[in-house]
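J.: Sequence first, then the predicted structure, then my questions.
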Amino acid sequence: MCGVVGYTGKRQAVDWLLDGLQTLEYRGYDSAGVQVVSPSGNLHGVKCAGRVAILRERAHTANLHGTCGIGHTRWATHGTPTDRNAHPHLDCTGRIAIVHNGIIENYQQLKRELMADGHEFRSDTDSEVVAHLVEEAWAGPARGDLAAAVRNACDRLEGSWALAVACADVPGELVVTRLGSPLVVASTDDGAYVASDVMPLSSVTSRVFQLDDRDIATLHADGSIDIVDRDGRLVSNPVAMEIDWDASAARLGGYSDFMAKEISEQPEAIERLLAGRLGKHGIELDELKLGKEELAALRHVVIIACGTSYHAGLTAKVAIERWAKIPVSVEYASEFIYDDDYLVPDHTLCVVITQSGETADTLAAARRMRGMGCDVFAITNVLGSTAAREADGTLYVQAGPEVAVASTKAYTAQMVASFLLALRLGFANGRLTRDEVEKHLHDLEQIPDLMREVLSRRWQDKQAARRFRHKGSSLFLGRNVSSATAFEGALKLKEISYLHAEAYPAGEMKHGPIALLEPGFPVVAVVPAGHVHDKTMSNIQECLARGASVIAVATDGDERVAKLCQEVLGVPNCPDDIIVPAVSVLHLQMLARYVARDRGYDVDKPRNLAKSVTVE
Ligand code: M6R
């Protein structure tokens, strides 16, 4: 979703602001803007609907000079994606500029009051009220103290925000603050930086500081940063975070797009996650922060997630129920938060799965579970994310930066992380012996090579992608653990190719979706070897009988599938059916990518989507 950047120091601000915004493109956005304080002490900037590349051209033409400035990529919530609604927003005097991530929930009330006091609004956004509130405070009680003016403004806000504020009257100073939306700052010899995540900062430093809710930070041109907490106390030791990946990890490095790069990085991501896990507790999972007795006492697990992470949760359920024999419910976070009748049994562990760690629905659901007395365990990819900070324990999946909006490597890493959790729970409650844990871990260790084998067969996906040409819809089917793979395959296809894809447990097809079938209709059937193979084959026959083109994801050597289906996406034999989803889904990721490219779409930045969905 929206991205914030800011800089004050020795260099020309606009260069880094634009580069920073480009790095934040992966979050998803529809307009962008920058504003700098000119050497003559005025604010000047440009903003526009569309890509950062357009903004860059406009900034070049406008010849923006100045060593202090702020920038923003906007994902529209209040007001259409137009030039006038793009950030930064200015106050009435044109001397205060703000950028904002989040939602100001009481903006209508504030806007009415501000307009009654004579303020003129130039946009339809909720964010613009902040510029006028800072203006009021600056003109009144906080004159000469930008940090005080920003605090004063925030005291009147309800909702969530990450804010950066520049004021032409204090050139060289930026004030930033947050509530519920992430914000990180960095101090360097060149100057001080702020951004909504670490990505833009990785090119200038490996050490960043996280702000806590309602902290107010003042960034100075000499690179120093003063942070004051919600009670007005100086924060002398802010939480530092080392960026432990090379900035090059977030660059294309020879790939044509990030999605291709991230798909191909999956084997190494799983190797990192599994390294050194065997120990005296069966599986070493110190991240869980629960003792053996608490683990052994668990009677129920609730998994909460959205989108792709929810699909990882569906596979996690199978693993935990099979290995730890603990009943698991998997809930959509957005539904769970408003389910007032939800019953949580005693001794329930809540597991939140979130790649970004910033999904608003997931965070709200986790807070609700904590409020109900549950321990919350987060499985996330982003170091220091809000989910990680608020959870009782966090397992980082270590997939490295995922830039493409469509999640791929984080998804398979989430699944494998949940397998580790299942083994840990099973060993703690005595359902698994140490030998069994070792055996399962050994099976998991086969995943990277199995993935490499699937990656080497990408030509099959490229070939199968042709079956989607000139089609308006498709159906994805799978049974049991493979139904999660079907759901994920359909979501990937929808996200990046804008082709309708319906996913169903294969046995449910006859209860409705079968009506969609007609000659040439593409059906993707996930039908690996296993106890439901034959039942799924019957469903494939039903599709073929109606003339559908069946693209089957099947185990090598499956002669029946090879004979009947139009395309086969082959999966090598896996030692345990539970790990098949982590291997077979790579075909569906590549298939979706080829279909999208065939249609001429940008696979990394699909329309309307955001990488971190920070609004409910
Ligand atoms: O960051 P999260 O894992 O919490 O995000 C949840 C969903 O928004 C996310 O998985 C979304 O479905 C992706 N675009 C999937 O590719």
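T.: That came in fine, so what should we check first? Numbers count the residues shown, from 1 in each chain.

J.: For the residue of the stretch 451-600 of the chain found nearest the ligand, which residues are in contact?
T.: Nearest to the ligand, among the residues of the stretch 451-600 of the chain, is residue 495, at 5.5 Å (Cβ to the nearest ligand atom). (C-beta placed from N, C-alpha, C; glycine too.) Going by Cβ atoms under 8 Å, 6 or more residues apart in numbering, residue 495 touches 405-406, 592, 606, 609.

J.: so what are the domain limits for this structure?
T.: 3-248, 255-445, 457-603 (automatic domain parsing).

J.: May I see those organised as a markdown table, with mean pLDDT added?
T.: Shown next, in a markdown table, are the domains of the chain (pLDDT from 0 to 100):
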| stretch | mean pLDDT |
| --- | --- |
| domain 3-248 | 92 |
| domain 255-445 | 93 |
| domain 457-603 | 96 |
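
J.: Dump those domains to CSV, plus distance to residue 615.
T.: Shown next, in CSV, are those (distance: least, Cβ to Cβ, whole Å):
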stretch, distance to residue 615
domain 3-248, 6
domain 255-445, 5
domain 457-603, 18
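
J.: Kindly report the residues of the chain close to the ligand.
T.: Remark: the part of the chain in contact with the ligand comprises 306-309, 354-356, 359, 362, 405-407, 495, 609, 612-613, using Cβ under 6 Å from any ligand atom.

J.: Generate a PyMOL selection restricted to the buried entries among those residues.
T.: A single PyMOL command is used to select the members of the residues of the chain next to the ligand judged buried by 16 or more other Cβ atoms under 10 Å:
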select buried, resi 306+307+308+309+354+355+356+359+362+405+406+407+495+609+612+613
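
J.: Pick the one among the residues of the chain next to the ligand closest to the ligand.
T.: For the residues of the chain next to the ligand, the nearest to the ligand is residue 307 (2.1 Å; Cβ to the nearest ligand atom).

J.: hang on, isn't that closest one packed against residue 491?
T.: Yes: counting by Cβ atoms under 8 Å, residue 307 does reach residue 491; the two are 6.8 Å apart.

J.: Neighbours of residue 239, how many?
T.: Residue 239: 13 surrounding residues under other Cβ atoms under 10 Å.

J.: Is it correct that it is in contact with residue 210?
T.: Yes: counting by Cβ under 8 Å, residue 210 is a contact partner of residue 239 at 5.1 Å.

J.: who touches both of these two?
T.: In contact with both residue 239 and residue 210: residue 384, using Cβ under 8 Å, 6+ apart.

J.: For the stretch 301-450 of the chain, which segments count as helices?
T.: 307-323, 333-336, 360-371, 386-390, 409-428, 434-444, 447-455 (DSSP state H, counting those that start in this stretch).

J.: Tell me which of those helices sits most buried.
T.: helix 409-428 (a mean of 27; mean count of other Cβ atoms under 10 Å).

J.: so it versus helix 307-323, what angle?
T.: 20 degrees (axes from the mean of the first three to the mean of the last three Cα atoms, to 10 degrees).

J.: and helix 409-428 with helix 434-444, angle?
T.: Using the same axes, to 10 degrees: helix 409-428 against helix 434-444 is 170 degrees.

J.: Roughly how far does residue 141 sit from residue 148?
T.: 8 Å (Cβ to Cβ, to the nearest Å).

J.: okay, those two: which has more neighbours?
T.: Neighbours per residue, other Cβ under 10 Å: of residue 141 and residue 148, the larger number sits with residue 148, 18 against 11.

J.: so what's the more buried one up against?
T.: Contacts of residue 148 (Cβ under 8 Å, 6+ apart): 137, 141-142.

J.: ok, now with 6 Å
T.: By Cβ atoms under 6 Å, 6 or more residues apart in numbering, residue 148 lies in contact with residue 142.

J.: What backbone torsions are found at it?
T.: The phi/psi pair for residue 148 (degrees, to the nearest 10) reads phi -70, psi -40.

J.: which SS class is the residue of the stretch 451-600 of the chain closest to the ligand?
T.: helix (DSSP: H, G, I helix; E, B strand; the rest coil).
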